[in-house]
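Novice: predicted structure and sequence below. I'll ask about it afterward.
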Amino acid sequence: MLENLLNSISDNPAYLAVAIVLITMITFSVIKKLFKIVTLGITLFILYCAYLLFTNQPLPNMDEIKTQLENSEEKIGDVIEDSVLDPLKEKTETIKNNLDALK
């Protein structure tokens, strides 16, 4: 089915033009949203550094930031595994067992 759709798009130049325009619009919107997120992150980081300077607190060094990110990455990985992957594995096993029981 998907192959037929791709063949009809590539055979007809009008469909191909519409598909290219849609892909371009989607790509542009994704890049635009990512730019907004990066800009927000940089702004928040600058505000955080300004807050630390005004309150005479020391700025964090890069080693502390790196270790905090590594710890956060490990915690996030554990949470994703526990809350998403394990239930998904259990449900797929249940579905396989139910399909085998139907046969």
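Specialist: That came in fine, so what should we check first?
Novice: look at P60 and give its secondary structure.
Specialist: With DSSP: H, G, I helix; E, B strand; the rest coil as the basis, P60 sits in coil.
Novice: let me know the pLDDT of it.
Specialist: Here the pLDDT value assigned to P60 is 78.
Novice: what is the burial count for it?
Specialist: Neighbour count of P60, defined by other Cβ atoms under 10 Å: 12. (C-beta placed from N, C-alpha, C; glycine too.)
Novice: roughly how far does it sit from Y51?
Specialist: P60 sits 12 Å away from Y51, going by Cβ to Cβ, to the nearest Å.
Novice: L40 now?
Specialist: With Cβ to Cβ as the criterion, L40 and Y51 are 16 Å apart.
Novice: any idea which element the residue nearest in space to the middle of the chain lies in?
Specialist: What sits nearest the mean C-alpha location of the chain, by Cα atoms, centre = their mean, is L34, with 10.6 Å. Using DSSP states H and E, L34 sits within helix 13-54.
Novice: report all helices and strands that that helix contacts.
Specialist: helix 2-11 (3 or more Cβ pairs under 8 Å, 6 or more residues apart in numbering; DSSP states H and E).
Novice: what average pLDDT does stretch 63-70 get?
Specialist: 86.
Novice: export that stretch as CSV, just CAs?
Specialist: Extracted C-alpha coordinates of stretch 63-70, given in CSV (Å, rounded to 0.1, in the frame of the first residue of the first chain):
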residue,chain,number,x,y,z
ASP,A,63,32.8,19.2,35.8
GLU,A,64,29.9,19.6,38.2
ILE,A,65,27.5,20.2,35.3
LYS,A,66,28.8,17.2,33.5
THR,A,67,28.4,14.9,36.5
GLN,A,68,24.9,16.2,37.2
LEU,A,69,23.9,15.6,33.6
GLU,A,70,25.3,12.1,33.7
